[in-house]
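*Asks:* Can you look at this prediction? I've put the sequence above it.
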2 protein chains.
Amino acid sequence: MKQAHHPELDEISLTAVMAALSDPIRVGLVLLLADGRERGWGELRAPVAKSTLSHHLRVLRDAGITRTRQEGTRCFVVLRRDDLETRFPGLLAPVLAAAECDGVGRQVELAASA
Amino acid sequence: MKQAHHPELDEISLTAVMAALSDPIRVGLVLLLADGRERGWGELRAPVAKSTLSHHLRVLRDAGITRTRQEGTRCFVVLRRDDLETRFPGLLAPVLAAAECDGVGRQVELAASA
DNA sequence: TAGCTTGTTCGTTGTTCATCGAACATCGAA
DNA sequence: TTCGATGTTCGATGAACAACGAACAAGCTA
């Protein structure tokens, strides 16, 4: 369980962010994190195998959308809302609004809190 | 040269739009069309083969981002800015701003006007 | 009619991606 | 130390995609 790479502000690429947000499961994950609360991975319920979930969370991290923190064997993830707002002002909110309105990512849910 | 399908407003999918905008060339094309002017395909200069350009324009059309019109053997393309604004309010502007600021799609240029 | 121009479509190639199960690593707890 | 829980990584696979050249279709134009 190595510490993963998090891109710096100026390393965050627009196309990488767009690509990361072009998958419904990842959009759902971002929606769950939209309240700014940090979540343990055990709280995230998605209809995919855990290796696949790990992959999706890695894509989000590599794109600079989320930040991952490790504590013991557990991992926690949080939205880099401020960083995204600085880098691409006004981009995140419309995406989240549209996703919520459309029901994109509704397959991703929150488990009983850890 | 058949008339291509244009998705209706409610057929435009968020993830499809995000996916379409995750390619630098397509972002460049959208940037060129951002002024609302209709452009002939001959005006679009991108560093790809014409078949590839045709493909990219098709992806944009299928995603509901652009509208294509045929006139004789020529094709014209225009940004569906109002439709996008209706469907996903506030989404397009930040993307275009970020792209322009970052230089994403600067490889796509405008030829000497037709 | 015979070209020329303009786009589309096709077949191919190589890459990327989403997905899975299995194996591995790590830490905490019994 | 042994076990269980938690993530990561490793192939493997099938699908999607970007890219190209070549061939085709359709409409001007000479």
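*Replies:* Done, it's in.

*Asks:* only C-alpha atoms for contact and neighbour calcs from this point on.
*Replies:* OK.

*Asks:* which ones are touching residue A:40?
*Replies:* The contact partners of residue A:40, by CA atoms under 8 Å, 6 or more residues apart in numbering or on different chains, come to A:74, A:75, A:76, A:77, A:114.

*Asks:* can you rerun that using 10 Å?
*Replies:* Each residue near residue A:40 by CA atoms under 10 Å, 6 or more residues apart in numbering or on different chains is listed here: A:68, A:69, A:70, A:71, A:74, A:75, A:76, A:77, A:78, A:113, A:114.

*Asks:* what's the distance between the residue most central in space within chain A and residue A:100?
*Replies:* By CA atoms, centre = their mean, chain A has its centre lying nearest to residue A:30, at 4.2 Å. Separation of residue A:30 from residue A:100 (CA to CA, to the nearest Å) stands at 11 Å.

*Asks:* Sketch out the low-pLDDT regions of chain A for me.
*Replies:* Residues of chain A that meet the criterion pLDDT under 70 lie in A:1-3, A:112-114.

*Asks:* At which residues are the strands of it located?
*Replies:* With DSSP state E, the ranges of strands along chain A come out as A:39-40, A:44-45, A:66-71, A:74-79, A:109-110.

*Asks:* Those: which one's closest to residue B:59?
*Replies:* Comparison of those against residue B:59 by CA to CA identifies strand A:66-71 as nearest, at 28.2 Å.

*Asks:* now what about that closest one, what contacts it?
*Replies:* Here strand A:66-71 has contacts from A:1-7, A:29-30, A:33, A:38-41, A:57-61, A:75-81, A:83-84, using CA under 10 Å, 6+ apart.

*Asks:* Just the ones in helices from those residues, please.
*Replies:* Residues from those lying in helices, with DSSP state H as the criterion: A:29, A:30, A:33, A:57, A:58, A:59, A:60, A:61, A:81, A:83, A:84.

*Asks:* any idea how far residue A:4 lies from residue A:68?
*Replies:* Taken as CA to CA, the span from residue A:4 to residue A:68 is 8 Å.

*Asks:* Overlap of the contact sets of these two?
*Replies:* Shared contacts of residue A:4 and residue A:68 (CA under 10 Å, 6+ apart): A:58, A:61.

*Asks:* how about the residues of chain A that lie near chain B?
*Replies:* A:10, A:13-24, A:27, A:87-99, A:101-102, A:104 (CA under 10 Å from any CA of the partner chain).

*Asks:* make it 7 Å
*Replies:* Taking CA under 7 Å from any CA of the partner chain as the criterion, chain A approaches chain B at residues A:15-16, A:18-19, A:21-24, A:88-91, A:94-95, A:98.

*Asks:* Most neighbours among those residues, please name it.
*Replies:* For these, counting by other CA atoms under 10 Å in any protein chain shown, the largest number of neighbours falls to residue A:21: 27 neighbours.

*Asks:* what sits against it?
*Replies:* For residue A:21, the contact set (CA atoms under 7 Å, 6 or more residues apart in numbering or on different chains) comprises A:27, B:18.

*Asks:* at 6 Å instead, please
*Replies:* Neighbour list for residue A:21: residue A:27 [criterion: CA atoms under 6 Å, 6 or more residues apart in numbering or on different chains].

*Asks:* tell me the phi and psi of it?
*Replies:* phi -90, psi 10 (degrees, to the nearest 10).

*Asks:* which outside residues touch stretch A:82-90?
*Replies:* Applying CA under 6 Å, 6+ apart, the external contacts of stretch A:82-90 come out as B:94, B:98.
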